[in-house]
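K.L.:
I'll drop the sequence and a predicted model, then ask my questions.
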There are 2 protein chains.
Amino acid sequence: MSEPDSISTVHRIAEAVTEAVRDGRLAPGQRLTEADFASRHGVSRSSVREAFRRLTADGLLAFEPNRGVTVRILSRREIDNLFAVRGALEALAVRLSLPALKAAPERLLALLAEMDRAVADNDMPAFSTANAAFHALFAEVADNPLLSETLTRLSNSIYWLQFRMLVDRRQVFDSHAEHRRIVEAILAGDAAAAEEAMRTHVDGSRKLVQQLPDSHFAG
Amino acid sequence: MSEPDSISTVHRIAEAVTEAVRDGRLAPGQRLTEADFASRHGVSRSSVREAFRRLTADGLLAFEPNRGVTVRILSRREIDNLFAVRGALEALAVRLSLPALKAAPERLLALLAEMDRAVADNDMPAFSTANAAFHALFAEVADNPLLSETLTRLSNSIYWLQFRMLVDRRQVFDSHAEHRRIVEAILAGDAAAAEEAMRTHVDGSRKLVQQLPDSHFAG
DNA sequence: TCTGACAGGATTGTCGGACAATCATGGAGA
DNA sequence: TCTCCATGATTGTCCGACAATCCTGTCAGA
């Protein structure tokens, strides 16, 4: 997703919005007005519109006709829907990537070790980063750009949640045990078990997310 | 996808492009220039740009920075990737929709009958329509808009293929046997079998598509 | 002849401004 | 209190312009 695009104006704006969402300056559900953004960043409204469109396609913003865009926020229901799709796709990624990962498990094991360390050190940012890399690895090794792209879009749609999840570390760290199960199944060459472990893991994440208070959801 | 959007200018343009692709007036891989389209349809370039963006997000067009858009065309490799994702998602749709479909199989059976009739009458357009409805039904009954949306995007990406497939009817009709297998598994309440039947069916479609000559692919 | 640099044309990227279309809000009147 | 409408805010669309970039054909030099 999000083409390199040199250093175009639109790209700059899109980056700015993404960052603002990432570190909470833009709250989920918040409405973004074009003119506002244009003047604040010293660019034309056209460029802002364009950036908004691109971010909408990427899943970060939500677009409503004649109403403009808002920072995307999902209802509990939509979260369930998203995790269902994600589970199916991550399971697919695991299956497709298994042979290659079994043959050359270095990166996989490195990420697992990195997460081990992060858990031991109670280092949430490091864990979060490694976790994202862990999940992205499967799609990447599966060598299916469309799959990677689709999963990225899904991640973008719940961008704000990753941020909100940082508050309660314990449960997030708990999910790490499932990572190990996935890796073991892969090393054993057991595709069905690996897929199932991934499905379970994704559903675990879903449950974790659903435990957040209502204020983090739309609807 | 493609919001109703009243009858806005952008929507009109987008429809026009979609239709043109559907009936072959715009060839896959063909480049579309904004000014051209703007003057031909008597609208501003801004609106054309916007329509192109939307269609790009929908998967019908491909966008390259500083080069504009082209009618999307995939390589054989990309086709395989797409069908892999599609298989996983259609299997998910089958699993999720199974209980509801088993309880109320009317529409499912009606579509199956419609396809039976189309095959008997050698009526390709009718078969094609019913087939699309058949596949869409699962996602719809699964009651997961995100899933429906994602599958629609995938379909749009290979829009031109549906058109090209009309040439050789026999093999397409052959795939109908697999439809029946899916339905039977659903009526029997056998989720695993239904999923597997759907996976097989989707992969069958993939093979069929791959039998087309090189001229229909990018790369 | 072949290769590479360059010029020119074509097309996209961005800008600014303008106005119509639509939505949201709050107040007037029933 | 509720409904309807005026009003302001914002998006949708148009126009025209120019810079940035890409593509192509040409020409000089090896």
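P.N.:
It's in. Keep in mind it's a predicted model, so treat the numbers as computed, not measured.
K.L.:
tell me which parts of chain A are close to DNA strand D?
P.N.:
Residues of chain A lying close to DNA strand D (Cβ under 7 Å from any atom of the strand) are A:6, A:31-36, A:45-46, A:49, A:65-69. All C-beta atoms are positioned from the backbone trio N, CA, C, and that covers glycine.
K.L.:
in helices, which of those residues appear?
P.N.:
Counting by DSSP state H, the part of those found in helices is A:Glu34, A:Ala35, A:Asp36, A:Arg45, A:Ser46, A:Arg49.
K.L.:
switch these over to TSV; also include neighbour count, distance to B:Ala197 and pLDDT.
P.N.:
Formatted as TSV, these follow (neighbours: other Cβ atoms under 10 Å in any protein chain shown; distance: Cβ to Cβ, whole Å; pLDDT from 0 to 100):
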residue	neighbour count	distance to B:Ala197	pLDDT
A:Glu34	17	49	96
A:Ala35	9	54	96
A:Asp36	13	53	94
A:Arg45	14	51	96
A:Ser46	14	50	96
A:Arg49	21	45	96
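K.L.:
from these, which is closest to A:Leu111?
P.N.:
A:Arg49 (38.7 Å; Cβ to Cβ).
K.L.:
helix or strand for the spatially closest residue to A:Glu178 that is not a sequence neighbour, which one?
P.N.:
Closest residue in space to A:Glu178, ignoring its immediate chain neighbours: A:His201 at 4.0 Å, by Cβ to Cβ, 6 or more residues apart in numbering or on different chains. Using DSSP states H and E, A:His201 sits within helix A:191-210.
K.L.:
sorry, back to before: pipe the ones in helices among the residues of chain A next to DNA strand D into TSV and attach distance to B:Arg107 per row.
P.N.:
Conversion of these to TSV gives the following (distance: Cβ to Cβ, whole Å):
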residue	distance to B:Arg107
A:Glu34	43
A:Ala35	47
A:Asp36	47
A:Arg45	46
A:Ser46	45
A:Arg49	40
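K.L.:
buried residues in the longest helix belonging to chain A?
P.N.:
Secondary structure of chain A per DSSP H: the longest helix is helix A:76-103. Neighbour-count burial for helix A:76-103, counted by 16 or more other Cβ atoms under 10 Å in any protein chain shown, picks out A:78-98, A:101-102.
K.L.:
got a list of contacts for the host helix or strand of A:Phe127?
P.N.:
Secondary structure assignment for A:Phe127, by DSSP H and E: helix A:124-141. Here helix A:124-141 makes contact (Cβ atoms under 8 Å, 6 or more residues apart in numbering or on different chains) with A:89-90, A:93-94, A:96-97, A:100-101, A:107-108, A:111-112, A:114-115, A:117-119, A:147-148, A:151, A:155, A:162, A:166, A:169, A:172-173, A:176, A:179, A:198.
K.L.:
check stretch A:30-45 too.
P.N.:
Stretch A:30-45 is contacted from outside by A:9, A:12-13, A:16-17, A:26, A:47-49, A:52, A:61, A:67-71, using Cβ under 8 Å, 6+ apart.
K.L.:
tell me the helices and strands packed up against the longest helix of chain A.
P.N.:
Where contact means 3 or more Cβ pairs under 8 Å, 6 or more residues apart in numbering or on different chains; DSSP states H and E, helix A:76-103 is packed against helix A:124-141, helix A:145-157, helix A:176-187, helix A:191-210, helix B:76-103, helix B:145-157.
K.L.:
got the angle for that helix vs helix B:145-157?
P.N.:
Calculated by axes from the mean of the first three to the mean of the last three Cα atoms, to 10 degrees, helix A:76-103 forms an angle of 60 degrees with helix B:145-157.
K.L.:
mean confidence score for helix A:76-103?
P.N.:
In this model, helix A:76-103 carries a mean pLDDT of 98.
K.L.:
could you give the angle of it to helix A:124-141?
P.N.:
Using the same axes, to 10 degrees: helix A:76-103 against helix A:124-141 is 70 degrees.
K.L.:
residue numbers of chain A in contact with chain B?
P.N.:
A:3, A:5-6, A:8, A:46, A:50, A:53-54, A:56-57, A:65, A:78, A:81-82, A:84-85, A:88-89, A:91-92, A:96, A:144-147, A:150 (Cβ under 8 Å from any Cβ of the partner chain).
K.L.:
pLDDT score assigned to A:Asp5?
P.N.:
40.
K.L.:
all good on my end, thank you.
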